[in-house]
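Asks: Any chance you can model this:
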Amino acid sequence: MEIIGIDVGFGFTKGYNGKNQVIIKSIIGDAADIQFHSPLGDNSAASNLHITLNDKSYFLGDYAELQSNIRDYTLDQDRLIADFVKILAIAVAGICCDGKEPLHVVSGLPVGFLRRDTKKFKEALLGDHEITFHNRGEKDLTKTISIAKIHIIPQPIGSVFNLIFNDSGKIVNKELAMQKLGVMDIGFKTTDFSIFDRLQYIERGSSTLDVGISKCFTVISNKLKQESNINLELYRMFKFIDSGAIKIKGREYNITNLKKRVYSHFASAITSDLTRLWADDWDLDSILLTGGGSLELIEYLLPNIEGGVIPISKAIDARLNNVYGYLKFGRYKWGYSGSKTASSSKKVNKSQASEDMNNEEFEATDNEGPKPTKPTKGLSWLKKKQA
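Replies: You can find the predicted model right below:
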């Protein structure tokens, strides 16, 4: 058994197994015939990602953005689950893992889609998947990625788990675990608001808004279109947003002041939503900001938030907070001894694996959130199943 955290987002797909981590843009493209490969530039697997899965060949991430004639990305939840999750998740699992052990996967969904999409997410990934990595200048590498178990949790609690668990899956921050926490997870397409009281999910204060940092990108892109008459795909905006300048047909556009105005307006609007949603939760001990969007907006968010805010660590990429937490929770749930546990069978029968889909103690419920075995116990849902 090997445990991995996987986070398939609208902007980026992330994977982490404790040894290897990967972040790729959630872009899928056709595999073009490239006649010449430069020996210079970034030659990492994640930057030149060419795979074959289910007899279809794809470029993924930056490689698709640079080389594919047809590039596909989505801001639609249904399409993400139906057309993107399998390809992107299996690809990052194949980069992180050697394929020698069955995988136990922890992943997350926005709280607003937890009940609706958990089953479909699992059905897309459970079982055996043969994937071939076409490494330029080297021999093709084929792996069988066998996914035996998948555990789905509310997306934002991954960042909480990252703070309360250590790398072995042991609770080390018991004080934080016993607090009433508000989490604002700003992603590329959505923003999740969640409340956890002693890690018990509180439905009343939890919601998914259909706005994320892509909303800011869209406003900036539309303004640039007015000036340049060029449509800018949102996934191409990241490096220009960071630098504050973009060159279009030889003309440089400074977007620093525009970005400040857009970010300030967006931060004000989203914190107004937070204040409204958490109006009855004035007893929050702390508020945790997470997600790649929160790092972009932090200086604009803080002046508008009332309450104690847990600072965003600059030691790791904020986009990885959830996926780190997924792995730690997986190690708590399934055990971790510091080395891989021998498995009696490498291959996973999909019909047998699917039996686990309804046997998790922390899954989507009729209330779209985790439900403790005994509501008065607080941390009781964290109790492991007995063998």
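Asks: Low-confidence regions, the stretch 201-350 of the chain specifically.
Replies: Along the stretch 201-350 of the chain, segments meeting pLDDT under 70 span 339-350.
Asks: Mind doing that once more with 50?
Replies: Within the stretch 201-350 of the chain, the stretches with pLDDT under 50 are 340-346, 350.
Asks: Helices along that one, start to end?
Replies: Taking DSSP state H, counting those that start in this stretch as the test, the helices found in the stretch 201-350 of the chain are 213-228, 238-243, 256-277, 292-301, 321-334, 350-353.
Asks: Provide a list of residues in contact with the residue lying closest to Ile316 once chain neighbours are set aside.
Replies: Using Cβ to Cβ, 6 or more residues apart in numbering and skipping the chain neighbours, the partner closest in space to Ile316 is Tyr324 (7.1 Å). Glycine gets a C-beta too; all of them are placed from N, C-alpha and C. Contacts for Tyr324 (Cβ atoms under 8 Å, 6 or more residues apart in numbering) come out as 5, 16, 158, 162, 316.
Asks: Check Val172 too.
Replies: By Cβ under 8 Å, 6+ apart, the neighbours of Val172 are 164-166.
Asks: And for Ser221?
Replies: So Ser221 contacts 231-232, 234, 237 (Cβ under 8 Å, 6+ apart).
Asks: ok, so of the residues you listed, who is nearest Lys122?
Replies: Comparing those against Lys122 with Cβ to Cβ places Leu234 closest, at 28.8 Å.
Asks: what's the closest residue to that closest one other than its chain neighbours in contact with, if anything?
Replies: Among residues not flanking Leu234 along the chain, Phe217 sits closest, at 4.8 Å (Cβ to Cβ, 6+ apart). By Cβ under 8 Å, 6+ apart, the residues touching Phe217 are 234, 237, 241.
Asks: How about Trp334?
Replies: 1, 3, 104, 149.
Asks: From the recorded domain assignment, give the ranges for this structure.
Replies: The chain breaks down into these domains under automatic domain parsing: 2-178+315-382, 208-310.
Asks: Give me the distance from the last one to the chain's centre.
Replies: Computed by Cα atoms, centre = their mean, to the nearest Å, the separation of domain 208-310 from the middle of its chain amounts to 18 Å.
Asks: measure that domain end to end?
Replies: 21 Å (Cα to Cα, to the nearest Å).
Asks: The residue nearest to Glu306 when sequence neighbours are not counted and Glu299: what is the separation?
Replies: Leaving aside its sequence neighbours, Glu306 sits nearest to Thr275 (Cβ to Cβ, 6+ apart; 7.4 Å). Noted for Thr275: a distance of 19 Å to Glu299, by Cβ to Cβ, to the nearest Å.
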